[in-house]
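Participant: Provided below for reference: sequence and predicted model.
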Amino acid sequence: MLEQKAFVAAEIGLHARAAAVFVRAVTETGLPVTIRKQDGDPVDARSLLEVMTEDFGFGCEVILEVPSSALSDEHSVSVAANALTELSAVLEATEAR
């Protein structure tokens, strides 16, 4: 399993616009990314409802993960690792785009 840690920088956390921007970015990767708090259960990062319901607040450390089973010729380890890095950057942007 590939994973990447990030912090939620949006002042209101992953709610409304910031969550929508993040979920859209996840969906564009084509990967089954999950997001969770350090000690929490993972939720599907492609689901706006699941992301908003989990209450990832401002400053919250999260872990983004892609299961090894999702890797293939199209989505290699390096492609998935780059996607997680880009998703971390989306989360750590101070404002939703």
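Facilitator: Done, it's in.
Participant: Check for me that Glu65 belongs to a strand.
Facilitator: Yes. With DSSP: H, G, I helix; E, B strand; the rest coil as the criterion, Glu65 is part of a strand.
Participant: Per-residue pLDDT of it, please?
Facilitator: We have a pLDDT of 97 for Glu65.
Participant: Also Arg97?
Facilitator: Taking Arg97 on its own, its pLDDT is 46.
Participant: I would like the residues contacting stretch 1-13, please.
Facilitator: Contacting residues not belonging to stretch 1-13 are listed as 14, 18, 55-68, 71, 77, 80-81, 84-85, 87-88, 91-96 [C-beta atoms under 8 Å, 6 or more residues apart in numbering]. For every residue, glycine as well, the C-beta is placed using N, CA and C.
Participant: That one - what's its average pLDDT?
Facilitator: Stretch 1-13 comes out with an average pLDDT of 94.
Participant: mind checking how far it is from the chain centre?
Facilitator: 7 Å (C-alpha atoms, centre = their mean, to the nearest Å).
Participant: so how far is the first residue of that stretch from its last?
Facilitator: End-to-end distance for stretch 1-13: 26 Å, by C-alpha to C-alpha, to the nearest Å.
Participant: And for stretch 61-80?
Facilitator: Using C-alpha to C-alpha, the end-to-end distance of stretch 61-80 comes out at 20 Å.
Participant: Show me how far that stretch is from its chain's centre.
Facilitator: On C-alpha atoms, centre = their mean, the centre of stretch 61-80 falls 12 Å from that of its chain.
Participant: buried stuff in it?
Facilitator: Buried residues in stretch 61-80, counting neighbours by 16 or more other C-beta atoms under 10 Å, are found at 62-66, 71, 75, 79-80.
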